[in-house]
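Asker: No sequence on hand, only this structure:
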């Protein structure tokens, strides 16, 4: 008898804050870097295959501390929300890994202290279920980028033969 393979994505390693602010992405990132003592860098935009195709800004801080990666993902591209059911959030602050309770509270309090931050809300498990297409696309993008970076670092440039002067 044939077996069915049921693939249900598990996003339990992601903790997500929804952020509402009128700050531009680079300005918000600067405030986050100051508040959290991080070094977020702009990542290749998160592409979404819809008509017309869009890219959502993405910033990352790899290895913030042991086993934690941080991301700032825009929810809007050309005034069109990616996660329609959470269009009241302008950005998502994504923690990949399992932060300690004290770290989680630190992130939340620090984000709330940022000037012009209107709202910082942790997404519930129900909201994370609704955000599965967003998280799937996000994870796929990170995986593709990691593979591309690995391939680029493995490219071997052949040494040129030295040119000798003829006597």
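Answerer: That came through, no problem. Quantities reported herein were computed from a predicted structural model and do not represent experimental measurements. Numbers count the residues shown, from 1 in each chain.

Asker: Identify the residues contacting the most centrally placed residue in the chain.
Answerer: Per Cα atoms, centre = their mean, the C-alpha nearest to the average position across the chain is that of residue 71, at 3.6 Å. The contact partners of residue 71, taken as Cβ atoms under 8 Å, 6 or more residues apart in numbering, are 43, 58-61, 92-94, 96, 138. C-beta: built from backbone N, CA, C; applies to glycine.

Asker: Pick the one among these closest to residue 130.
Answerer: residue 92 (12.6 Å; Cβ to Cβ).

Asker: who's that closest one bridged to?
Answerer: The partner list for residue 92 in beta bridges (DSSP bridges) reads residue 18, residue 73.

Asker: okay if I get the contacts of residue 71 as CSV plus pLDDT?
Answerer: Formatted as CSV, the contacts of residue 71 follow (pLDDT from 0 to 100):
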residue, pLDDT
43, 80
58, 89
59, 92
60, 89
61, 88
92, 92
93, 94
94, 91
96, 87
138, 82
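
Asker: tell me the two of those residues that are most distant?
Answerer: 61 and 138 (15.0 Å).

Asker: more crowded one of those two?
Answerer: Neighbour count, other Cβ atoms under 10 Å: between residue 61 and residue 138, residue 138 has more, with 22 against 18.

Asker: Does the more buried one touch residue 94 like I think?
Answerer: Yes - counting by Cβ atoms under 8 Å, residue 138 touches residue 94, with 7.4 Å between them.

Asker: Touching both of the two, which residues are there?
Answerer: Any residue near both residue 138 and residue 94 by Cβ under 8 Å, 6+ apart counts here, and that gives 71, 73.

Asker: which stretches of this structure form strands?
Answerer: In the chain, the strands defined using DSSP state E lie at 14-21, 41-48, 54-65, 68-74, 76-77, 80-81, 91-96, 117-122.

Asker: partners of the fifth one in the sheet?
Answerer: According to DSSP bridges, the neighbouring strands of strand 76-77, each with its direction, are strand 80-81 (antiparallel).
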